[in-house]
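K.L.:
Here's a sequence, model it:
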Amino acid sequence: MAATPQNPAASAPRRKVSRHRGEGQWAAGHFTPLNGNEQVKKDDDGLNVRTRIETIYSKRGFDSIDPSDLRGRMRWWGLYTQRKPGIDGGKTAILEPEELDDEYFMLRVRIDGGALTTAQLRVIGEVSQEFARGTADITDRQNIQYHWIRIEDVPEIWQRLEGVGLSTVTACGDTPRVMIGSPVAGIAEDEIIDGTPALEEMKRRVLNNPAYSNLPRKFKTAISGSPVLDVVHEINDVAFVGVRHPEHGPGFDVWVGGGLSTNPKLGVRLGAWVPVDEVPDVYEGVISIFRDYGYRRLRNRARLKFLVADWGPEKFRQVLEDEYLGGRRLTDGPAPEQPVRQWRDHIGVHRQKDGRYYVGFAPRVGRIDGATLTKIADLAEAHGSGRVRTTVEQKMIVLDVEQDQVDSLVEGLEALDLTARPSSFRRGTMACTGIEFCKLAIVETKQRGAQLIDELERRLPDFDQPITINLNGCPNACARIQVADIGLKGQLVLDADGNQVEGYQVHLGGALGLEAAFGRKVRGLKVTSAELPDYIERVLTRYQAEREDGERFATWAARASEEALS
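P.N.:
As a prediction, this is how the structure comes out:
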């Protein structure tokens, strides 16, 4: 596998360099940084900032941090400054970064495949309590995020986490982010193929590797051999989806170019079937294409989805085979079958292939605290388990529970307000970090989402259809608003009296897995935060009254009148 080193110009083949700036593609000879972000990365690899954190910044304090490290390279080690308290959403896009920065950090712990031992979970909980004021949010990419982190404490936190095999390396930044995987890989009865060996080898090759630490922007990866399609593969830069080839047996179907934010695109199939032992080669080829051919000139076009949209899957596959797989031709293969289950979160009690059980349970919108995490570790161990998992729906799973321990475990989780039998609203509602900590946010999300769950459970106690309600604090879609049944994009809106208040633009009928599509926007439909429970109750009541037998919300929303959706 060819790998461009830290100084690409030193080793890349000599090419005729056009005077035109092009798109900033290294493979076209465009090595001159074309924006501030590219200049920062050229000046110093983000991986190198760790030494400065440990030897300078943690000893001299926040004010000693170089701005290029503070708002750039520190992300390579999972650190973002959090939002200064008291700044309302109307000022998010107006203030300079230094005016929004608090002297505390969000720190993201990467949990590839959502896989944790109870010992690791206990350390995460202890670090939360000691250094993060109890915060420990579960993200929709299986990570856990702390808040209120002081720079002085970061080296000690790293030592604690790394002592149990955890890391924050490239949890943020223009890097290979966490690799999401099926939380029941290797244990589910219905699994097509276990992607764990490939995931581990992918991590070994790219994490902390300077060859892949300067990408045009972030790079998101998913792999799952589950037939329920449980890793939102359609919205990752690269995804490997378990399929059965009619001649070669179980393997993976390759998808590229998915992503949301302000220019959402669903991933496309390359039409290639890959055996598990070849997945790391293909993965390394795809990430190398992104590094070498990705658009670096304009930050808002620097994701892989734009290159895939311009090239198309046929050219992408050809470049992959010719330039990065040494001319090896990939085997044509089948598409994944449609999942038979609408819920893909593994909530509830499920039998494992070894006869034991796993139990999935639901925190509220991913919000949890360190003390509860340590209690979950204790509870799992008391019922014979040493393994837990996080999911891409901000939920958790305890693995390896004997049948005679299941009921007791479920009761213990209920006592912690972590139900394995959640309502559709608690099960299907997600929220991003929101204005409480995020510098990009315009509105509050976590508390709003938790309150919304309670209110809808009270108003619609008999509602039992699968429904996803995703709240996002800004347009960047960290909570996947475009592919939710009800997606809520935070913005400032006018209330009935003409006052500017927190509210949401509404997206309706988005979906992944069954019939992947982006949600519909009804002209002029915006809802204030105060009106949100009334609005959702009204729409869901109409859905129940008008739906055909077995009709999903997304299907109904696609055919419903604007009046019915308003």
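K.L.:
just the helices in the stretch 151-300 of the chain please.
P.N.:
154-162, 196-206, 279-293 (DSSP state H, counting those that start in this stretch).
K.L.:
Buried residues, the shortest one. List them.
P.N.:
Think helix 154-162. 154-155, 157-158, 160-161 (16 or more other Cβ atoms under 10 Å). Glycine gets a C-beta too; all of them are placed from N, C-alpha and C.
K.L.:
hang on, isn't K265 packed against A309?
P.N.:
Yes: judged on Cβ atoms under 8 Å, K265 makes contact with A309 at a distance of 6.3 Å.
K.L.:
Comparing those two, which shows the higher neighbour count?
P.N.:
Counted by other Cβ atoms under 10 Å, K265 and A309 do not tie: K265 has more neighbours, with 19 against 14.
K.L.:
follow-up on the earlier one: would JSON lines of the helices of the stretch 151-300 of the chain with distance to Q491 and mean pLDDT be doable?
P.N.:
JSON lines is the format used below for the helices of the stretch 151-300 of the chain (distance: least, Cβ to Cβ, whole Å; pLDDT from 0 to 100):
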{"stretch": "helix 154-162", "distance to Q491": "34", "mean pLDDT": "98"}
{"stretch": "helix 196-206", "distance to Q491": "36", "mean pLDDT": "98"}
{"stretch": "helix 279-293", "distance to Q491": "31", "mean pLDDT": "98"}
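K.L.:
what's the most buried one of those?
P.N.:
helix 279-293 (a mean of 23; mean count of other Cβ atoms under 10 Å).
K.L.:
For that one, which outside residues touch it?
P.N.:
For helix 279-293, contacts defined as Cβ atoms under 8 Å, 6 or more residues apart in numbering pick out 1-4, 25-28, 176, 195, 198, 201-202, 205-206, 212, 214-216, 219, 221, 223, 237-238, 240, 252, 254, 256, 272, 274, 304, 307, 316, 319-320, 323-325, 330.
K.L.:
buried residues in the next helix or strand after that helix?
P.N.:
Downstream of helix 279-293, the next assigned helix or strand under DSSP states H and E is helix 304-319. Neighbour-count burial for helix 304-319, counted by 16+ other Cβ under 10 Å, picks out 304-308, 311, 313, 316-317, 319.
K.L.:
Same question for stretch 531-546.
P.N.:
531-533, 535-537, 539-540, 542-543.
K.L.:
and the nearest residue to G428 once chain neighbours are set aside, what is it in contact with?
P.N.:
Take G428 and drop its neighbours on the chain: the residue closest to it by Cβ to Cβ, 6 or more residues apart in numbering is T468, 4.4 Å away. T468 sits next to 428-430, 484-486 when contact means Cβ under 8 Å, 6+ apart.
K.L.:
Got the phi and psi for T468?
P.N.:
When read as degrees, to the nearest 10, the backbone of T468 gives phi -120, psi 130.
K.L.:
The one 4 residues further on too?
P.N.:
In this entry, N472 is assigned phi and psi values of phi -130, psi 140 (degrees, to the nearest 10).
K.L.:
all strands of the stretch 1-150 of the chain, in order?
P.N.:
79-83, 101-109, 115-117, 137-138, 144-149 (DSSP state E, counting those that start in this stretch).
K.L.:
my bad, the stretch 401-550 of the chain
P.N.:
Going by DSSP E, counting those that start in this stretch, the stretch 401-550 of the chain shows strands at 429-431, 469-472, 486-494, 500-508, 520-528.
K.L.:
And the stretch 151-300 of the chain, by the same measure?
P.N.:
Going by DSSP E, counting those that start in this stretch, the stretch 151-300 of the chain shows strands at 176-181, 219-224, 238-245, 249-256, 268-274.
K.L.:
Between those strands, which one is closest to Q405.
P.N.:
strand 176-181 (25.7 Å; Cβ to Cβ).
K.L.:
how far is the closest one from where the chain is centred?
P.N.:
What separates the centre of strand 176-181 from the centre of its chain is 8 Å, taken as Cα atoms, centre = their mean, to the nearest Å.
K.L.:
Of all the strands of the stretch 151-300 of the chain, which one comes closest to R83?
P.N.:
Of all the strands of the stretch 151-300 of the chain, strand 176-181 comes closest under Cβ to Cβ, at 21.3 Å.
K.L.:
re earlier: export the strands of the stretch 151-300 of the chain to a markdown table and append columns for mean neighbour count and mean pLDDT.
P.N.:
As requested, the strands of the stretch 151-300 of the chain are arranged in a markdown table below (neighbours: other Cβ atoms under 10 Å; pLDDT from 0 to 100):
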| stretch | mean neighbour count | mean pLDDT |
| --- | --- | --- |
| strand 176-181 | 27 | 98 |
| strand 219-224 | 27 | 98 |
| strand 238-245 | 24 | 98 |
| strand 249-256 | 23 | 98 |
| strand 268-274 | 21 | 98 |
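K.L.:
any chance of those strands in JSON lines, with distance to H507 too?
P.N.:
Output for the strands of the stretch 151-300 of the chain, formatted as JSON lines (distance: least, Cβ to Cβ, whole Å):
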{"stretch": "strand 176-181", "distance to H507": "23"}
{"stretch": "strand 219-224", "distance to H507": "21"}
{"stretch": "strand 238-245", "distance to H507": "22"}
{"stretch": "strand 249-256", "distance to H507": "22"}
{"stretch": "strand 268-274", "distance to H507": "22"}
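K.L.:
closest to G498 out of those strands?
P.N.:
Short answer: strand 219-224, nearest of these by Cβ to Cβ, at 41.0 Å.
K.L.:
Pull the residues that contact the closest one.
P.N.:
113, 141, 175-182, 185, 195, 198-199, 202, 230-233, 235-242, 252, 259, 279, 283, 287, 290, 304.
K.L.:
again, only using 6 Å
P.N.:
Strand 219-224 is contacted by residues 176-177, 179-182, 195, 199, 230-231, 233, 236-240, 287, 290 when judged by Cβ atoms under 6 Å, 6 or more residues apart in numbering.
K.L.:
List the neighbouring strands of it plus their orientation.
P.N.:
Within its sheet, strand 219-224 is paired with strand 176-181 (parallel), strand 238-245 (parallel), according to DSSP bridges.
K.L.:
Could you export it as PDB, keeping only the C-alpha atoms?
P.N.:
Taking Å, rounded to 0.1, in the frame of the first residue of the first chain, the C-alpha atoms of strand 219-224 are listed here in PDB:
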ATOM      1  CA  PHE A 219     -13.200  10.600   7.800                       C
ATOM      2  CA  LYS A 220     -15.900   8.400   9.200                       C
ATOM      3  CA  THR A 221     -15.900   4.600   9.000                       C
ATOM      4  CA  ALA A 222     -18.500   1.900   9.700                       C
ATOM      5  CA  ILE A 223     -18.400  -1.900   9.600                       C
ATOM      6  CA  SER A 224     -21.100  -4.400  10.500                       C
END
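K.L.:
Just give me how far it sits from the chain centre.
P.N.:
That offset, for strand 219-224, works out to 9 Å (Cα atoms, centre = their mean).
K.L.:
For this protein, give me the ranges with low pLDDT.
P.N.:
Across the chain, the ranges flagged by pLDDT under 70 are 1-21, 514.
K.L.:
so how many other residues sit close to P461?
P.N.:
When neighbours are counted by other Cβ under 10 Å, P461 registers 9.
K.L.:
Cool, thanks, signing off.
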